[in-house]
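J.: Fold the stuff below for me.
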Amino acid sequence: MIKKLQHKFALSERGAKDLIQGIIACAVQNISFMFPVGLLYFFVNDLLNGGIKPEKIWFYIVGCIIALALIFAVTYWQYNSTFLATYVETGTRRITLAEKLRKIPLSFFGKKDLADLTSTIMADCTYLETAFSHFIPPFIGAMISTVVIAISLFFFDWRMAIASLWVLPVAFAIIGLSSKVQKSLNRKSMDAKMVCADGIQECIETIQDLKANNAEQSYMAGLDTKIDNVEKRSIINEFGTSTFVVSAGLVLKLGIATTALVGSILLVNGQLDVLTFFMFLLVVSRLYDPMQSALQNLAAIISTNTNVARMNEILDHDVQTGNTRLTNKGYDVKFKNVEFSYNNKDNVLKDVSFTAKQGEVTALIGPSGGGKTTVSRLAARFWDINKGKITVGGMDISKIEPETLLSLYSIVFQDVTLFNNTIMENIRLGKKDATDEEVLLAAKLANCDEFVSKLPNGYNTDIGENGCQLSGGERQRVSIARAFLKDAPIILLDEATASLDVENETLIQTALSKLIKNKTVIVIAHRMRTVAGADKIVVLSDGVVAEEGTAESLKKLNGIFVHMMNLQSESSNWKLN
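T.: Model prediction:
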């Protein structure tokens, strides 16, 4: 049962156990509310049979006190078992989702955008919190308590019990039959919200380009349409759900009428006493209150399926696993007959084979879309290949746990990511236990001193979200400083100097020459001058190794490498007329 609840409602094991406890607490609470009804029943019975005797007064006083104390204790238990427990579970769920995202292959993120994942961790978890506290335990608790009370009613009078309870299966059948409609409406509403969230995020991220192209009005018009669509879908969703809930509620109200009608007929015919009739009226009036809420809760539980499915998509996704012990002998990176495709579509890489040797610089060049960046990502096991084998020092990387494997790599991406923190802490990301002296040395090697000295607080200057207070070249130098600080045996440079001017590029290349000594270096670059001193050049075109060798040997082939050199030479001579 625990496992089923975990998957059904995307809960942790502790959360599933707390849910069961919350259900029991809600059921006991509903039953405890019947104790005052019992006291009232006995009180009326005494009134009809000669009045309240003096010795009975204390019985009712003590009974009221006990009933109130019991209701208080059970309500306190119910509150802790639902509301307080769900806050803990929501925090656990968000952490679990984040941890799972950390282990999921990057191929998953190619199918998801940031707004979607953020919505899952924040909005879906929040909705789960509401369902855990307000919907699921009260609903199931109400069902359990109703069954217990219904069974007891049959012991008093089966005819009155049927007259009181026939509406319950009919009302719940109406809600149950609406399941498919509600799921469809919720899915469409969620899709509209995701489109709107994507549009808002895209607007914020691209506001500079929108302004530069005078496109704000046209974009905002489209965004207004997306927002209006969210409102429209929400209204339709609410209307669709309320149609079934209100209809079921109206049927439920008929129970009071049939109870009164059947009771009156039996009473007139002398087949029912007044006290039993009175008791049934009291019970059904109390019984239908939690049932009315239960109908709404059932509709809400059905609507959680969309949110739970989104969370389970992450929780059930396969993760990259492997040994946590490195067995490599040396740091040669070898690709052997590697094939790879994104989302099982056409292969991006087709039978790629080459070796990046330790102590050498291997440059990957070629036309855009040829597979250069893909090769660098595969080398660090950001994705798993479809066919072939990638090894580091003879060690198959597909059998090594990704975080363990990445301890061997220092990576500088083309798209730099910085955090809203100081320059010092952004560089320290490369080695979390590094001393300030080590950080400053790495920064100096990456030529960061030149621009940091102009900042108000030097290396302790906050650089804003994603380093927004720095230029592109400055951000890239911070990223390069991280690689210096980590000082790993394998270095991946993906257009590491693309945002630098010629002077700084020369300084960085001089610094890199110190870093790469006796290390395996894979460089991706478009500038021919960047790869001119490489020990080996691998030319990738259309997902295959088209050419391979030193710069001199490739010049003799007069192929793609020479063509790229000629094109860059022509572009360098371009000038305004």
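J.: Relative to Ala446, how far out is the nearest residue to Leu223 once chain neighbours are set aside?
T.: Excluding the flanking residues, the one nearest Leu223 by C-beta to C-beta, 6 or more residues apart in numbering is Gly199, at 4.9 Å. Quick note: C-beta positions are derived from backbone N, CA and C, even for glycine. Relative to Ala446, Gly199 is positioned 38 Å away (C-beta to C-beta, to the nearest Å).
J.: Repeat that for Thr404.
T.: Counting by C-beta to C-beta, the separation of Thr404 from Ala446 is 26 Å.
J.: Looking at those two now, which is surrounded by more residues?
T.: Ala446 (26 against 13; other C-beta atoms under 10 Å).
J.: does the more buried one really touch Val478, like I thought?
T.: Yes: Ala446 lies in contact with Val478 (C-beta atoms under 8 Å); the separation is 7.4 Å.
J.: Enumerate every residue touching the residue nearest to Leu223.
T.: Gly222, Leu223, Lys226 (C-beta atoms under 8 Å, 6 or more residues apart in numbering).
J.: so what's the last one up against?
T.: If a contact means C-beta under 8 Å, 6+ apart, then Lys226 has Ala192, Val195, Cys196, Gly199 as its contacts.
J.: Give me the pLDDT value at it.
T.: Here the pLDDT value assigned to Lys226 is 90.
J.: Not including adjacent chain positions, what is the nearest residue to it?
T.: Cys196 (4.4 Å).
J.: Over to the first one?
T.: The shortest distance from Gly222 to any non-neighbouring residue, by C-beta to C-beta, 6+ apart, is to Gly199 (7.1 Å).
J.: for the one you found, helix, strand, or coil?
T.: Secondary structure for Gly199, judged by DSSP: H, G, I helix; E, B strand; the rest coil, is helix.
J.: I'd guessed Ala131 sits against Ile301; true?
T.: Yes: shown here, Ala131 and Ile301 form a contact pair, counting by C-beta under 8 Å, at 6.6 Å.
J.: State the helix or strand in which Asn343 lies.
T.: If you go by DSSP states H and E, Asn343 is not part of any helix or strand.
J.: and Arg286, what is it in contact with?
T.: Per C-beta under 8 Å, 6+ apart, neighbours of Arg286: Phe33, Met34, Val37.
J.: Report the secondary structure state of it.
T.: helix.
J.: what are the phi and psi angles of Asp351?
T.: When read as degrees, to the nearest 10, the backbone of Asp351 gives phi 50, psi 50.
J.: before we move on, back to that, and which of the contacts of Arg286 is nearest Val545?
T.: Nearest to Val545 among the contacts of Arg286: Phe33, at 76.0 Å, using C-beta to C-beta.
J.: how about that closest one, what does it touch?
T.: Ile71, Arg286.
J.: so what's the backbone phi/psi at it?
T.: Backbone torsions for Phe33, taken as degrees, to the nearest 10, come to phi -70, psi -10.
J.: before we move on, back to that, the residue nearest to Lys226: what's it in contact with?
T.: So Cys196 contacts Leu223, Lys226, Ile227, Asn229, Val230 (C-beta under 8 Å, 6+ apart).
J.: Quick check: of the contacts of Lys226, which lies closest to Ser81?
T.: Ala192 (35.3 Å).
J.: Count the neighbours of that closest one for me.
T.: 21.
J.: Correct me if wrong, but it is in a helix.
T.: Yes: counting by three-state DSSP, Ala192 is part of a helix.
J.: For Met122, see how far away the nearest residue to it once chain neighbours are set aside is.
T.: Of all residues not flanking Ala192 in the chain, Arg233 sits nearest, at 4.3 Å (C-beta to C-beta, 6+ apart). Distance, Arg233 to Met122, by C-beta to C-beta: 20 Å.
J.: And those two? Which one has more around it.
T.: Between Arg233 and Met122, Arg233 has the larger neighbour count (other C-beta under 10 Å), namely 20 against 12.
J.: so what's Val268 up against?
T.: Neighbours of Val268 in contact, by C-beta under 8 Å, 6+ apart: none.
J.: ditto for Leu440
T.: Going by C-beta under 8 Å, 6+ apart, Leu440 touches Tyr459.
J.: what's the spacing between it and Val148?
T.: Distance, Leu440 to Val148, by C-beta to C-beta: 71 Å.
J.: same check, this time on Val283
T.: For Val283, the distance to Val148 - C-beta to C-beta - is 12 Å.
J.: quick one, which of these two is more surrounded?
T.: Val283 (23 against 14).
J.: is it true that that one touches Asp157?
T.: No: in this structure, Val283 is not within contact of Asp157 by C-beta under 8 Å, at 11.4 Å.
J.: Spell out, range by range, the helices that occur in the stretch 301-450 of the chain.
T.: Counting by DSSP state H, counting those that start in this stretch, the stretch 301-450 of the chain has helices at residues 372-379, 402-406, 423-428, 436-445, 449-452.
J.: Tabulate these in TSV, adding columns for distance to Val338 and mean pLDDT.
T.: Output for the helices of the stretch 301-450 of the chain, formatted as TSV (distance: least, C-beta to C-beta, whole Å; pLDDT from 0 to 100):
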stretch	distance to Val338	mean pLDDT
helix 372-379	7	88
helix 402-406	16	89
helix 423-428	33	91
helix 436-445	33	90
helix 449-452	40	86
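J.: Now distance to Lys4 too, for these, in TSV please.
T.: Below are the helices of the stretch 301-450 of the chain laid out as TSV (distance: least, C-beta to C-beta, whole Å):
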stretch	distance to Lys4
helix 372-379	38
helix 402-406	31
helix 423-428	45
helix 436-445	50
helix 449-452	56
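J.: Against Leu378, how distant is Val338?
T.: Taken as C-beta to C-beta, the span from Val338 to Leu378 is 7 Å.
J.: what touches both of those two?
T.: Residues touching both Val338 and Leu378 (C-beta under 8 Å, 6+ apart) are Leu349, Ile385, Ile390.
J.: The closest residue to the first one other than its chain neighbours - how many residues pack around it?
T.: Across the structure, with C-beta to C-beta, 6+ apart as the measure, the residue nearest Leu349 apart from its sequence neighbours is Phe340 (4.4 Å). Applying other C-beta under 10 Å, we find 23 residues neighbouring Phe340.
J.: wait, what's in contact with Phe340?
T.: Counted by C-beta under 8 Å, 6+ apart, Phe340 has contacts Asn347, Val348, Leu349, Thr374, Leu378, Trp383, Ile385, Asn386, Lys387.
J.: hmm, 7 Å instead?
T.: Neighbouring residues of Phe340 by C-beta atoms under 7 Å, 6 or more residues apart in numbering: Asn347, Val348, Leu349, Thr374, Leu378, Trp383, Ile385, Asn386.
J.: Alright, that wraps it up for me.
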